[in-house]
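Novice: Test case, fold it:
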Amino acid sequence: MGFDFSERDSCGVGFIASRGLPPTHGMTLKILECLSNLDHRGAKFADGTGDGAGVLTEIPYELINAELKERDITLGKGKKIGLISCFFEAKELNESKEIIEKKLSDFKIDLLYWRKVPTDKEILGTLAKKVKACYFSCCNFF
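Specialist: Alright, predicted model coming up:
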């Protein structure tokens, strides 16, 4: 059974995987090349810009471990790290964080820290610049 490449219902989806191979810089370059060919995920704004496309990767443990060390945070034995990616409206940033913190607490998940994800606002379209969404990761362990 083969794939029917005449179907076009997965607009803006690309997959690159390496089964059983370690992650490499070369693979990252291939992923970024794939991403640069995606204009959008399925919608266009009135200003002509796409609705965004991104890369889903595994948790960047080296980065997170370095940040934990910087903050003098030690994980307990048997604890696992989790990340939550959050897009917030700037005017509701604190209220939004409080909602997430409350839910984490309800499920007995410890919040370690919030990290502002670096972004490049220069590439945003006119409408996206007006919204000025904040992108944060919530680092927690359970």
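Novice: tell me the phi and psi of the residue nearest in space to the middle of the chain?
Specialist: In the chain, the C-alpha nearest the mean C-alpha coordinate belongs to Ser85, at 5.3 Å (Cα atoms, centre = their mean). Ser85 adopts backbone torsions of phi -90, psi 130, taken as degrees, to the nearest 10.
Novice: Quick check: chain neighbours aside, which residue is closest to Ile84?
Specialist: The spatially closest residue to Ile84, leaving aside those adjacent along the chain, is Cys138, at 4.1 Å (Cβ to Cβ, 6 or more residues apart in numbering). Backbone N, C-alpha and C define where each C-beta goes, glycine included.
Novice: same question, Lys30
Specialist: With Cβ to Cβ, 6+ apart, the residue lying closest to Lys30 is Ile16, at 5.6 Å.
Novice: Figure out the helix or strand that the one you found lives in.
Specialist: Per DSSP states H and E, Ile16 falls between elements, in no helix or strand.
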